[in-house]
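Colleague: Please work out how this folds:
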Amino acid sequence: MTHPTPYLEQLADAIARQLGQLADHLSQLPPPEAAQVIARVLDPDNGVLGGVTHLVAASSVFAKDQAERGALPAQVWLALGRASNELGDITLDLDEHKDTLQRVGAQPATTAAKPPAPAPLVVRRHR
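Modeller: Residues are numbered from 1 along each chain as shown. Presented below is the predicted three-dimensional model:
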């Protein structure tokens, strides 16, 4: 039986390249189209962020098993578990804004005669 690792490594490399291409294209899109793409990326069930979160969670399960067998240091499992939890929290936070992004993306670019007033930016951190 052949070992699937080379294929999966190639798949991971291809996904990383495609994410880079997506980011490059995103910076060139008009705002409504960019908002639509971002909303899809943030979709917790079918989006990129949800997929990455799921991948890190699966990696954490793998690392836990390997740490219990002594093949990996416990710190690897703990770091992946922490990353998985934080990504999960971030995914939930960003999911709150998906509908807004979809609405912005559905608006025609020429609907407003004058641009909306800019909103002050507020930074909030959860800890």
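
Colleague: quick check: mean pLDDT across stretch 120-127?
Modeller: In this model, stretch 120-127 has an average pLDDT of 65.

Colleague: Please apply the same query to stretch 17-31.
Modeller: For stretch 17-31, the per-residue pLDDT averages 95.

Colleague: got it, and stretch 36-44?
Modeller: In this model, stretch 36-44 carries a mean pLDDT of 92.

Colleague: buried stuff in it?
Modeller: By neighbour count on 16 or more other Cβ atoms under 10 Å, the buried set for stretch 36-44 is Q36, V37, I38, A39, R40, V41, L42, D43, P44. (Each C-beta comes from the backbone N, C-alpha and C, glycine too.)

Colleague: So which residues make contact with that stretch?
Modeller: 22, 25-26, 29, 46-50, 53, 91-92, 94-95, 97-99, 101-102, 105-106 (Cβ atoms under 8 Å, 6 or more residues apart in numbering).

Colleague: switch to 7 Å and redo it
Modeller: Stretch 36-44 has contacts (Cβ atoms under 7 Å, 6 or more residues apart in numbering) with 26, 29, 47-50, 91, 94-95, 98, 101-102, 105.

Colleague: Which pLDDT value belongs to G105?
Modeller: G105 is given a pLDDT of 84.

Colleague: so it is in which element?
Modeller: helix 98-106 (DSSP states H and E).

Colleague: contacts for that helix?
Modeller: P32, E33, A35, Q36, I38, A39, L42, D43.

Colleague: rerun at 6 Å
Modeller: Helix 98-106 is contacted from outside by P32, A35, Q36, I38, A39, L42, using Cβ atoms under 6 Å, 6 or more residues apart in numbering.

Colleague: Separate out the buried members of the contacts of stretch 36-44.
Modeller: G47, V48, L49, G50, T91, L94, D95, K98, L101, Q102, G105.
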